[in-house]
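1. just the structure for this:
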Amino acid sequence: MDAATLLLLALVAVAPPIILAVRLRNAERTRREPWRALARAFLWGAVAAAGISILLESMLRPRFDAVHVLSPRLTLTIVILSPVVEELLKAIGLRFLRDEDPEAEDGYIYGGAVGLGFAATENVLYVFTAWFLAGPETAIATALFRGIATTCLHGAASAIAGHGVWRARYGGGVGWALWGVGAGIVLHVAYNALAAWTPGWATLGAALVAVLAYLRMMRRVRVLDERGLGS
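-> All right, here's what the predicted structure looks like:
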């Protein structure tokens, strides 16, 4: 096994979430979030949310894998279990993150950071699993696809949840949190269903959905930041 190749694959898997987290934080022109706070959000997703979700999904997977939706590749694990467990665990961490200078766009930023941290860990696990089970070519393809599509998916879904949680925390009511987490789950379900479907166009559709959702979220951060500057 080539150690240099493995190191390169790990870098390809982890670098995109880190780069996107930095760009997300810097999307604000002023009153940017502290690096330490952003790192805490990223680490919650990478360590706590990812670790607990792996444990829960491994316990529940046998029951959910037995039920198929539309095709043998679309199991309840893919379309229900994983999106619900992962988005709930990522959102739980948002309740413990402090925001000393809250702004309208901060929920997107902290939520996105949690999701990107989760993506970093999940990317590494999937890439190395692909290496050991199918060889280097499959691992490289997995790293490239997940480095773009799945990273954007986790960042966007958790950012939407984060926006809802922040609105609820700062006077909007619990309905905002339920809406945000629910919308993040729906986006995750749509992505998983498309990515696991057999036709090639479905896989491309999943990537397109994820990237567009992430770009839309980044645009919202910039718009809300500009509104704050003008107030």
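
2. Ala193 contacts Thr77, doesn't it?
-> No: if you go by C-beta atoms under 8 Å, Ala193 and Thr77 don't touch, sitting 11.9 Å apart. Every C-beta, even on glycine, is put in place using the N, C-alpha and C of the backbone.

3. I'd guess Leu74 is in a strand, am I close?
-> Yes: the assignment for Leu74 is a strand, going by DSSP: H, G, I helix; E, B strand; the rest coil.

4. from Ser82, how far out is it?
-> The spacing between Leu74 and Ser82, counted by C-beta to C-beta, to the nearest Å, is 12 Å.

5. and the two? Which one has more around it.
-> Ser82 (22 against 18; other C-beta atoms under 10 Å).

6. report the mean per-residue pLDDT for the strand or helix carrying the more buried one.
-> If you go by DSSP states H and E, Ser82 is part of helix 82-94. Mean pLDDT, computed over helix 82-94, is 95.

7. do stretch 174-188 as well
-> For stretch 174-188, mean pLDDT is 96.

8. buried ones in that stretch, by neighbour count?
-> 176-177, 179-181, 183-185, 187-188 (16 or more other C-beta atoms under 10 Å).

9. likewise for stretch 79-96?
-> Buried, per 16+ other C-beta under 10 Å, within stretch 79-96: 79-83, 85-94.

10. and if you look at stretch 192-203?
-> 192-197, 203.

11. same thing with stretch 119-135?
-> 119-124, 126-128, 130-131.

12. now do stretch 157-173
-> Applying 16+ other C-beta under 10 Å to stretch 157-173 flags 157-169, 172 as buried.

13. let's verify Glu33: helix, strand, or coil?
-> Per three-state DSSP, Glu33 ends up coil.

14. and it, how close does it get to Trp166?
-> Taking C-beta to C-beta, one finds Glu33 at 12 Å from Trp166.

15. need the residues touching each of those two.
-> 99, 106, 110 (C-beta atoms under 8 Å, 6 or more residues apart in numbering).

16. look up the closest residue to Ala15, ignoring the ones flanking it.
-> Of all residues not flanking Ala15 in the chain, Gly147 sits nearest, at 7.4 Å (C-beta to C-beta, 6 or more residues apart in numbering).

17. next one: Gly162
-> Gly111 (1.8 Å).

18. what angle sits between the helix or strand harbouring that neighbour and helix 82-94?
-> Element membership of Gly111, judged by DSSP H and E, is helix 106-134. Angle of helix 106-134 versus helix 82-94, following axes from the mean of the first three to the mean of the last three C-alpha atoms, to 10 degrees, is 130 degrees.

19. same for helix 106-134, what does it pack against?
-> helix 3-25, helix 35-43, helix 50-65, helix 82-94, helix 136-145, helix 151-167, helix 200-230 (3 or more C-beta pairs under 8 Å, 6 or more residues apart in numbering; DSSP states H and E).

20. so which of those helices gets nearest Gly115?
-> helix 151-167 (2.9 Å; C-beta to C-beta).

21. now the angle from the closest one to helix 3-25?
-> If you take the same axes, to 10 degrees, helix 151-167 sits at 30 degrees to helix 3-25.

22. what angle separates helix 151-167 from helix 35-43?
-> 120 degrees.

23. which positions in stretch 21-33 come out as buried?
-> Going by 16+ other C-beta under 10 Å, stretch 21-33 has these buried residues: 21, 24-25, 27-28, 33.
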